[in-house]
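1. Pasting a predicted model and its sequence here:
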Amino acid sequence: MKRIGVADTTFARVDMASAALTALKSAGTGFRIYRRTVPGIKDLAVACRRLFQEDGADLCLALGMPGPAELDQSSAMIASLGLQFAEVLEGKPIVECFVHESEASNATELDRLARRRAEEHALNAYQLLFRPEELARHAGEGLRQGFADAGPVRPRK
Amino acid sequence: MKRIGVADTTFARVDMASAALTALKSAGTGFRIYRRTVPGIKDLAVACRRLFQEDGADLCLALGMPGPAELDQSSAMIASLGLQFAEVLEGKPIVECFVHESEASNATELDRLARRRAEEHALNAYQLLFRPEELARHAGEGLRQGFADAGPVRPRK
Amino acid sequence: MKRIGVADTTFARVDMASAALTALKSAGTGFRIYRRTVPGIKDLAVACRRLFQEDGADLCLALGMPGPAELDQSSAMIASLGLQFAEVLEGKPIVECFVHESEASNATELDRLARRRAEEHALNAYQLLFRPEELARHAGEGLRQGFADAGPVRPRK
Amino acid sequence: MKRIGVADTTFARVDMASAALTALKSAGTGFRIYRRTVPGIKDLAVACRRLFQEDGADLCLALGMPGPAELDQSSAMIASLGLQFAEVLEGKPIVECFVHESEASNATELDRLARRRAEEHALNAYQLLFRPEELARHAGEGLRQGFADAGPVRPRK
Amino acid sequence: MKRIGVADTTFARVDMASAALTALKSAGTGFRIYRRTVPGIKDLAVACRRLFQEDGADLCLALGMPGPAELDQSSAMIASLGLQFAEVLEGKPIVECFVHESEASNATELDRLARRRAEEHALNAYQLLFRPEELARHAGEGLRQGFADAGPVRPRK
């Protein structure tokens, strides 16, 4: 039985965790989910650290939505660096799933983008744990999460 | 009995710690407060580290007010990265509560913003320690501290 | 028998790992390859950490292709810092091979650049492990990977 | 007997350490000073680490003067991050005292600013070690080092 | 017998290590040199880490030449942060000697600047190990490496 940690925020304007949990459950079985909700994206790294250390997670999914202001861009960088630090220190993966408000042009789009990216990164998390060969099969294929795939530069033969 | 560390600065132009302490005390009981005041925001990370290691804090609240100059923005990023490093290394949360002078247009607004954000982050700190289910209940709802909540993109059913 | 870890992504639009593997195999023998494919460049640092810790790699090659948007540039910096952190912590080298989409002006060029850089960094990785004296022989000669060498400022006597 | 480490540079254009040492000595007794002079600000973090580890310092004062060029601003950020890393890892404070050449408009001003800031940060260092209650008494009062205090937004009652 | 590690790159367009080695040898005796050449500046931090851990170096000299493009400036920051991390973690100094191509206006100047800076930082390295009092004697004197010294703001009495 593997353990998947899910860290999300009250700052995000979409309930990305629900979308992720649904996607995880429909992806397969063999795991239990541990969830921690924190105020903002800068709280995600330590939340993941605790999911690893206190809850025994094998992998974490970190869900966040940086706001549109310039300060929010700094916060996103800081939060991401914290995640790097936490996952390297632990030696276990944190799949970062951030949706910047500025990536969508209206509320409907933002909602759709956030849910879809959360679902697709949840699937990435699942594959990292249970089906790494699926990721290897798509190496270099220009996959994207939330938006349409960019695709490979040169179509596979 | 839990221990809450509060780190604040002489650089800040508002006594954010007083506001935070009042909010903590009215939030509930079951904790003791340890406080360390340092010169500026770059001193907060090690202050928190010492609150964890020497005072046995279970969680820290780091209060600071970056100035309006460009150098102050760099300092804020550096201070934040220090906090990430400290909390991940320790495996215990530091709730960062920074108010940038540039977020308010005059002294009255700055005073109000700083106190309100300190109070609301103090409440976040309390909930992280004692009522994590309260945070989970508001996941993805666009909560803000100091300003009005942005709210969820799509109203909850 | 040395172990070389290869970490690559599904985000990249060119299968850089294939190019790298071919180059490694034609460079010499005496090593076994361990590969991990992850979603994006921010997942490379922990993938390398695991290649070191779980697979016993002596060196890793980290292959990635940051996209053209501004956010992608931040991601590239974050990913690189994660790699620094991972390799210094481990005390074993990670050869970073990133190709920015913006470095090429069209798909054909991007494909060629990515493959060539992957090959040349694979050779660097091989030399770091097996022929460090080859690198020393070319110290200060303005070598480049993927593009033509810049060459030394002053021709060697 | 406490130990105060002082790290300074040959790059700085003002002998900030002399000003700091004078201020420390007139602040009180009960400490011994250990000093290490290094080439530039990027060498300060490891100098402090060694002051902690080899000389047994309880606190360090890091004095530096970033130059006016754009590259110097990057160096200042890197040096500051190094200091964060060193002090958090050690769990002992490093009081950073940097004076940017660009903060003064001429040589006389720069000299005065650098000495005054060094003195005032030396006093901060002294208080952190011996009189933390003095810092707490001035929390949120908008204190500055080298320039006039900004003062609290709202005068204390 | 002290051990000095020298890390340099094949990316640099000047053989900075030769200049540094000559300067080290004419500075004095009592040390042995260990050298590792790596592809680029981002490989220097781990090279130094290995010089410390595998070769027992007491100090490292890290020589690099960031290119003129914007991406090269990011690489330089990342490489520098890696060096900070490595030297603080180890508790032993790494003297960073970077020459940005953009600091010189032509090939002759770049060659001269790179060699001179390498020589002068080699001397700094020597003094850090064997004559720290020499550095202390020049504290705050505005010393530079590669260019003329800026000098102290106020001449010493």
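-> The structure has been received and is ready for your questions. Numbers count the residues shown, from 1 in each chain, chains lettered A, B, ... in the order given.
2. for the spatially most central residue of chain A, phi and psi?
-> Nearest to the mean C-alpha position of chain A, counting by C-alpha atoms, centre = their mean, stands A:Cys97 at 2.9 Å. When read as degrees, to the nearest 10, the backbone of A:Cys97 gives phi -130, psi 90.
3. And the one 10 residues further on, by the same measure?
-> Torsion angles at A:Ala107 (phi, psi; degrees, to the nearest 10) stand at phi -60, psi -40.
4. residue ranges of the strands in chain A, please?
-> A:2-9, A:31-38, A:59-64, A:94-98 (DSSP state E).
5. Can you lay out those strands as CSV showing distance to chain B?
-> Yep, even glycine has a C-beta here, placed from its N, CA and C like the rest. Below are the strands of chain A laid out as CSV (distance: least, C-beta to the nearest C-beta, whole Å):
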stretch, distance to chain B
strand A:2-9, 5
strand A:31-38, 4
strand A:59-64, 8
strand A:94-98, 11
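6. out of these, nearest to B:Gly151?
-> strand A:2-9 (14.1 Å; C-beta to C-beta).
7. low-scoring stretches of chain A, by residue?
-> A:156-157 (pLDDT under 70).
8. Show me which residues of it are close to chain C?
-> A:73, A:76-77, A:80-81, A:83-85, A:87-89, A:91-96, A:100, A:121, A:124, A:128, A:132, A:135-136, A:138-145, A:150-154 (C-beta under 8 Å from any C-beta of the partner chain).
9. what would the strands of chain A look like in a markdown table with distance to E:Ile41?
-> Below are the strands of chain A laid out as a markdown table (distance: least, C-beta to C-beta, whole Å):
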| stretch | distance to E:Ile41 |
| --- | --- |
| strand A:2-9 | 34 |
| strand A:31-38 | 36 |
| strand A:59-64 | 30 |
| strand A:94-98 | 26 |
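10. Distance check, the residue nearest to the centre of chain A against chain D.
-> 26 Å (C-beta to the nearest C-beta, to the nearest Å).
11. shouldn't that residue be in contact with A:Cys60?
-> No - taking contacts as C-beta atoms under 8 Å, A:Cys97 lies outside contact range of A:Cys60: 10.6 Å.
12. For stretch A:64-74, which outside residues touch it?
-> Residues outside stretch A:64-74 that contact it (C-beta atoms under 8 Å, 6 or more residues apart in numbering or on different chains): A:8-9, A:11-14, A:16, A:40-41, A:44, A:75-76, A:79, A:96-102, A:114, B:73, B:76-77, B:80, B:100, B:103, B:150, C:74.
13. Show me which of those are buried.
-> A:8-9, A:11-14, A:16, A:40-41, A:44, A:75-76, A:79, A:96-101, A:114, B:73, B:76-77, B:80, B:100, B:103, B:150, C:74 (16 or more other C-beta atoms under 10 Å in any protein chain shown).
14. Just the buried positions in stretch A:149-157, please.
-> Buried, per 16+ other C-beta under 10 Å, within stretch A:149-157: A:150, A:152-154.
15. neighbours around the residue nearest to A:Phe98 when sequence neighbours are not counted, how many?
-> Sequence neighbours aside, A:Gly64 is the residue nearest to A:Phe98 in space, at 5.0 Å (criterion: C-beta to C-beta, 6 or more residues apart in numbering or on different chains). Around A:Gly64 there are 27 other residues, counting by other C-beta atoms under 10 Å in any protein chain shown.
16. Isn't A:His121 up against A:Leu128?
-> No - with contacts counted by C-beta under 8 Å, A:His121 stays clear of A:Leu128, the gap being 10.2 Å.
17. hey, what's in contact with both of the two?
-> Joint contacts of A:His121 and A:Leu128 (C-beta under 8 Å, 6+ apart) are A:95, C:39.
18. Cross-check the contact I'm expecting between A:Gly91 and C:Arg50.
-> Yes - between A:Gly91 and C:Arg50 there is a contact at 6.1 Å, judged by C-beta under 8 Å.
19. Tell me which of these two has more neighbours.
-> A count of neighbours by other C-beta under 10 Å puts C:Arg50 above the other of A:Gly91 and C:Arg50, at 23 against 16.
20. List the contacts of the more buried one.
-> Contacts of C:Arg50 by C-beta under 8 Å, 6+ apart are A:91-93, C:36.
21. Next: A:Gly82.
-> A:42, A:44-46, B:81, B:84-85, B:87-88.
22. Out of the residues you listed, which sit inside helices?
-> Using DSSP state H, the subset of the contacts of A:Gly82 located in helices is A:44-46, B:81, B:84-85, B:87-88.
23. Need the residues you listed in a markdown table (columns: distance to C:Arg3).
-> Putting those into a markdown table (distance: C-beta to C-beta, whole Å) gives the following:
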| residue | distance to C:Arg3 |
| --- | --- |
| A:Leu44 | 33 |
| A:Ala45 | 30 |
| A:Val46 | 33 |
| B:Leu81 | 33 |
| B:Gln84 | 32 |
| B:Phe85 | 31 |
| B:Glu87 | 34 |
| B:Val88 | 29 |
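24. Can you tell me the closest non-neighbouring residue to A:Phe11?
-> A:Gly40 (4.2 Å).
25. need the helices for chain A, in chain order.
-> According to DSSP H, the helices that chain A contains are A:16-27, A:44-53, A:70-90, A:107-130, A:132-137.
26. Out of these, which one sits most buried?
-> helix A:44-53 (a mean of 26; mean count of other C-beta atoms under 10 Å in any protein chain shown).
27. tell me the angle that helix makes with strand A:2-9.
-> 160 degrees (axes from the mean of the first three to the mean of the last three C-alpha atoms, to 10 degrees).
28. from the middle of its chain, how far away would helix A:44-53 be?
-> Computed by C-alpha atoms, centre = their mean, to the nearest Å, the chain-centroid distance of helix A:44-53 equals 14 Å.
29. what angle do that helix and helix A:70-90 make?
-> 20 degrees.
30. Specify the angle between helix A:44-53 and strand B:59-64 in degrees.
-> In terms of direction (the same axes, to 10 degrees), helix A:44-53 departs from strand B:59-64 by 170 degrees.
31. just the angle between helix A:44-53 and strand B:94-98, please?
-> Going by the same axes, to 10 degrees, helix A:44-53 makes 180 degrees with strand B:94-98.
32. Send me helix A:44-53 as PDB with only the CA atoms.
-> What follows is helix A:44-53, C-alpha atoms only, in PDB (Å, rounded to 0.1, in the frame of the first residue of the first chain):
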ATOM      1  CA  LEU A  44       3.400  23.800   0.600                       C
ATOM      2  CA  ALA A  45       7.100  22.800   1.000                       C
ATOM      3  CA  VAL A  46       6.900  22.200   4.700                       C
ATOM      4  CA  ALA A  47       3.500  20.600   4.300                       C
ATOM      5  CA  CYS A  48       5.000  18.100   1.900                       C
ATOM      6  CA  ARG A  49       8.000  17.600   4.300                       C
ATOM      7  CA  ARG A  50       5.500  16.700   7.000                       C
ATOM      8  CA  LEU A  51       3.500  14.400   4.700                       C
ATOM      9  CA  PHE A  52       6.800  12.600   4.100                       C
ATOM     10  CA  GLN A  53       8.000  12.500   7.600                       C
END
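33. residues in contact with A:Ser75?
-> A:Ser75 makes contact with A:40-42, A:66-67, B:80, according to C-beta under 8 Å, 6+ apart.
34. Which pair of these spans the longest distance?
-> A:Gly67 and B:Ser80 (15.3 Å).
35. thinking again about what came up before, any chance of a ChimeraX selection covering the buried ones in the contacts of C:Arg50?
-> The ChimeraX selection below is limited to those of these classed as buried (16+ other C-beta under 10 Å):
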select /A:91,92,93 /C:36
